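Undergrad: my questions concern the predicted model and sequence given below.
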Amino acid sequence: MFHRVCILDDYQKVGLQSADWSSLKDQVSVDVFSDTLADEDALAARLEPYEIVCAMRERTKFPASLLDRLPNLRLIATTGPMNAGIDVKHAKAKGIVVSGTGGKGNSTLEHIWALLLSSVRHIAHDDYNTKSGIAQWQTRIPVGLAGRTLGLIGVGRLGSQTAKVAKAFNMRVVGWSPHLTQDRAEAAGVEFIETKEQLLRESDVVSLHMVLSPSTQHLITAADLSLLKPSAFFINTSRGPLVEEQALIQVLQSKKIAGAGLDVFDVEPLPLDHPLRSLDNVTLTPHTGYVSDTNYEAFWSQTVENIAGFLEGQPKRVIT
């Protein structure tokens, strides 16, 4: 008897190619979906037959209301060590195991700097102009980073790594978060700033590195954005709802800051008619900060291991 498995939100259609699934070939049948369904009725109808669901990060959410409509579900194998989109407590109460994975490489750190550099050096704009055959060879002046101030909102693992790279560009690096201390800032090689407002006023580039929670939602408000220099750039590779999105759109539309680099949004995938898509002072990427061939190799090989463990009655990497 085959166990029915589905892979969700496989945008690049690589889930089955990123790992060796042959060990499961006599036990499971796998269906792959490359789209994201936002409507819960449609999603429940799609997932109802499956005993095992493979979730790619938080692309599809699993609230209690959805879990209650999936009587056959026994395992959610999510990529990543945690998934805020899954009501893990409710899943456990229903006897549904949630397993996660580790990762591999430096994908998010690399993407932070790819997005930051693309923004301050106008790479996307110049690439478009060059390929479009626009006669004017150069139209914008890249911003030099040496001697400029990088403000980190959040100085955890990624913030600390980002600071190390910034030092290679001879940048001044300052940091703030609600719980950052002088000692922790010094240990990360970051200059401690006592208030968010001071950091925003002093920074030439602000990069956000916070975990989304009820206490950090809309951590960056319209009032905060108004403190940024007209020459400043704002980078967000963490989570969209950390920022009041409409306020950020208005700041960019009115050219009150130089630009932004965004990998995350309030609604993902970003709606086709979203105003951010039409702005010429924002560099956008489709939440690919964690995406790389090496990270996918870890994600999917460990997903296979998690499914095998579950079928053997010995679940692995259980998220509690």
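TA: Arrived safely, thanks for sending.
Undergrad: which parts of the protein are strands?
TA: Along the chain, counting by DSSP state E, strands occupy 3-7, 28-32, 52-55, 75-78, 97-99, 149-153, 172-176, 191-192, 205-208, 233-236, 259-262, 282-284.
Undergrad: and the contacts of the fifth one?
TA: Yep, that's strand 97-99 we're talking about. Residues outside strand 97-99 that contact it (C-beta atoms under 8 Å, 6 or more residues apart in numbering) are 74-78, 83, 86, 88, 91-92, 306, 309-310, 315-319. C-betas here are computed from N, CA, C, even on glycine.
Undergrad: change it to 10 Å
TA: Under the contact criterion C-beta atoms under 10 Å, 6 or more residues apart in numbering, strand 97-99 has outside partners 52, 54-55, 62, 73-78, 82-83, 86-89, 91-92, 302-303, 305-307, 309-310, 315-320.
Undergrad: state the distance from the nearest residue to L47 once chain neighbours are set aside to K316.
TA: Nearest residue to L47 in three dimensions, chain neighbours excluded: L70, at 5.5 Å (C-beta to C-beta, 6 or more residues apart in numbering). Between L70 and K316 the computed distance is 22 Å (C-beta to C-beta, to the nearest Å).
Undergrad: more crowded one of the two?
TA: When neighbours are counted by other C-beta atoms under 10 Å, L70 comes out ahead of the other of L70 and K316, with 21 against 17.
Undergrad: any figure for the gap between Q198 and G151?
TA: Distance from Q198 to G151, by C-beta to C-beta: 9 Å.
Undergrad: who has more neighbours, those two?
TA: Using other C-beta under 10 Å as the criterion, Q198 and G151 rank with G151 on top: 28 against 14.
Undergrad: now do the same contact list for the closest residue to that one other than its chain neighbours.
TA: Nearest in space to G151, with sequence neighbours left out and distances taken as C-beta to C-beta, 6+ apart, is S203 at 3.0 Å. The neighbourhood of S203, defined by C-beta under 10 Å, 6+ apart, consists of 148-153, 172-174, 176, 193, 227-229, 232-234.
Undergrad: where do the helices of the stretch 51-200 of the chain begin and end?
TA: 64-67, 88-93, 107-120, 123-131, 157-168, 182-187, 196-202 (DSSP state H, counting those that start in this stretch).
Undergrad: neighbouring contacts of the shortest one?
TA: By C-beta under 10 Å, 6+ apart, the surrounding residues in contact with helix 64-67 are 40-41, 43-44, 47, 60, 73, 76, 86-87, 89-91, 93-94, 96.
Undergrad: buried ones among the residues you listed?
TA: 43-44, 47, 60, 73, 76, 86-87, 90-91, 96 (16 or more other C-beta atoms under 10 Å).
Undergrad: any stretches of the protein with poor pLDDT?
TA: Under the criterion pLDDT under 70, the flagged ranges of the chain are 1.
Undergrad: mind naming the longest helix for it?
TA: Counting by DSSP state H, the longest helix found in the chain is helix 293-311.
Undergrad: buried sites along that one?
TA: 295-311.
Undergrad: touching both of Q198 and G151, which residues are there?
TA: Taking C-beta under 10 Å, 6+ apart as the criterion, Q198 and G151 both touch 174, 176.
Undergrad: would you list the strands of the chain in TSV and tack on distance to W113?
TA: TSV is the format used below for the strands of the chain (distance: least, C-beta to C-beta, whole Å):
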stretch	distance to W113
strand 3-7	30
strand 28-32	32
strand 52-55	28
strand 75-78	27
strand 97-99	31
strand 149-153	11
strand 172-176	13
strand 191-192	20
strand 205-208	10
strand 233-236	10
strand 259-262	10
strand 282-284	13
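Undergrad: excluding chain neighbours, what is closest to I153?
TA: L208 (5.0 Å).
Undergrad: same deal with V318?
TA: S99 (5.7 Å).
Undergrad: quick check: that neighbour vs Q250, distance?
TA: S99 is 42 Å from Q250, by C-beta to C-beta.
Undergrad: who has more neighbours, the two?
TA: Ranked by neighbour count (other C-beta under 10 Å), S99 and Q250 place S99 first, with 22 against 14.
Undergrad: who does that one bridge with?
TA: Taking DSSP bridges as the rule, S99 bridges to A77, V318.
Undergrad: for burial, what's the neighbour tally of the closest residue to P315 other than its chain neighbours?
TA: Nearest residue to P315 in three dimensions, chain neighbours excluded: V97, at 4.9 Å (C-beta to C-beta, 6+ apart). V97: 20 surrounding residues under other C-beta under 10 Å.
Undergrad: and for V14?
TA: Using other C-beta under 10 Å, V14 is surrounded by 17 other residues.
Undergrad: my guess is it meets Y296, correct?
TA: Yes - applying C-beta atoms under 10 Å, one finds V14 in contact with Y296, separated by 6.3 Å.
Undergrad: tell me the domain ranges of this protein?
TA: 3-104+292-311, 107-284 (automatic domain parsing).
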